[in-house]
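**Q** From the sequence below, what's the structure:
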Amino acid sequence: MYQDEKLVCEDCGAEFVFTAGEQEFYAEKGLVNKPKRCPECRKARRKNNRRHRKMYDAVCSKCGAQTQVPFKPIPGKEVFCKDCFTKEQETQEQTAE
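**A** Residues are numbered from 1 along each chain as shown. As a prediction, the model looks like this:
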């Protein structure tokens, strides 16, 4: 049903392939527009957008370290520093197996 399609990146002008698998994924997610940027430019754009996020000061619920998070902490709700968040994710993955 889907076939690989060559597209041109709107940012750098490079040709890239919009694969049949990617098209199927887009369709499953209800995305109707084709990508306008090549994978490298999409990655750079996401990275750049992350740098401009507003960060909020918080205290890690697990280790008590000062940290910053990309959301406004809600009193009474747990907030983790990056290290504790990673450990918590690993613990949850192990218990899910």
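**Q** For the helix or strand hosting Glu40, the averaged confidence score.
**A** Element membership of Glu40, judged by DSSP states H and E, is helix 39-51. Mean pLDDT, computed over helix 39-51, is 89.
**Q** Packing partners of that helix?
**A** Using 3 or more Cβ pairs under 8 Å, 6 or more residues apart in numbering; DSSP states H and E, no helix or strand is in contact with helix 39-51. (Glycine included, C-beta is placed from N, CA and C.)
**Q** Name the strands paired with whichever helix or strand comes after that helix and say parallel or antiparallel.
**A** Next in sequence after helix 39-51, counting helices and strands by DSSP H and E, comes strand 56-59. Taking DSSP bridges as the criterion, strand 56-59 sits next to strand 66-69 (antiparallel) in its sheet.
**Q** on that earlier part again, give me the distance from the helix holding Glu40 to the chain's centre.
**A** Distance of helix 39-51 from the chain centroid (Cα atoms, centre = their mean, to the nearest Å) equals 10 Å.
**Q** List of residues touching that helix?
**A** For helix 39-51, the surrounding residues in contact (Cβ atoms under 8 Å, 6 or more residues apart in numbering) are Cys9, Asp11, Cys12, Ala14, Phe16, Pro35, Arg37.
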